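# build me a model from this:
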Amino acid sequence: MLEATAAASPARSRTSLRRGILHNAHRNTSGQWTWRYDVLDKAMDFSPLWSAVRDSSIPTLLVRGGNSRFVTDDDAAELVRESPSAVVKTVAGAGHSIQSDRPIELARLIDEFGLGSDER
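Numbering: from 1, shown residues only. Below is the predicted model of the structure:
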């Protein structure tokens, strides 16, 4: 698990990854380690959520890691189709855990988006 996680998040330290694995994995009844969120590896139908996205008037920022395999180009395109005002930013060199891989860049993008500002 550590090797696979390190490959997906090369900018994170092994200590950080190990801590994350211990938090996000468990031993199953056969004694093997497995992710607590194994259900996410199966095809999930998120289509009912798109109506909520369409109906929302909340400013939306999607920040995705350029090296993430979890949020695809198709996912980002669908978000923009369903919510044309949504903003999508991709952080090069970051995996799925942008807050760990590129925290300063993530903070900058959030600040530029203006979350919490009266201007939006």
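# domain-wise, how is this protein divided?
Using automatic domain parsing, the domain parsing of the chain gives 1-41, 45-114.
# the most far-flung residue of the chain relative to its centre: what's it in contact with?
Within the chain, residue 30 marks the point farthest from the mean C-alpha position, 29.9 Å out by Cα atoms, centre = their mean. Contacts for residue 30 (Cβ atoms under 8 Å, 6 or more residues apart in numbering) come out as none. Bear in mind the C-beta positions are built from the backbone N, C-alpha and C, glycine included.
# helix or strand for residue 12, which one?
Secondary structure from DSSP states H and E places residue 12 outside every helix and strand.
# strands of the protein, start to end?
All strands of the chain, identified by DSSP state E, fall at 25-27, 33-35, 61-65, 87-91.
# okay, the ones you listed in TSV with mean pLDDT next?
Below are the strands of the chain laid out as TSV (pLDDT from 0 to 100):
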stretch	mean pLDDT
strand 25-27	87
strand 33-35	82
strand 61-65	95
strand 87-91	97
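# now render those as a markdown table, adding distance to residue 100 and mean neighbour count.
Formatted as a markdown table, the strands of the chain follow (distance: least, Cβ to Cβ, whole Å; neighbours: other Cβ atoms under 10 Å):
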| stretch | distance to residue 100 | mean neighbour count |
| --- | --- | --- |
| strand 25-27 | 17 | 12 |
| strand 33-35 | 17 | 13 |
| strand 61-65 | 10 | 19 |
| strand 87-91 | 11 | 17 |
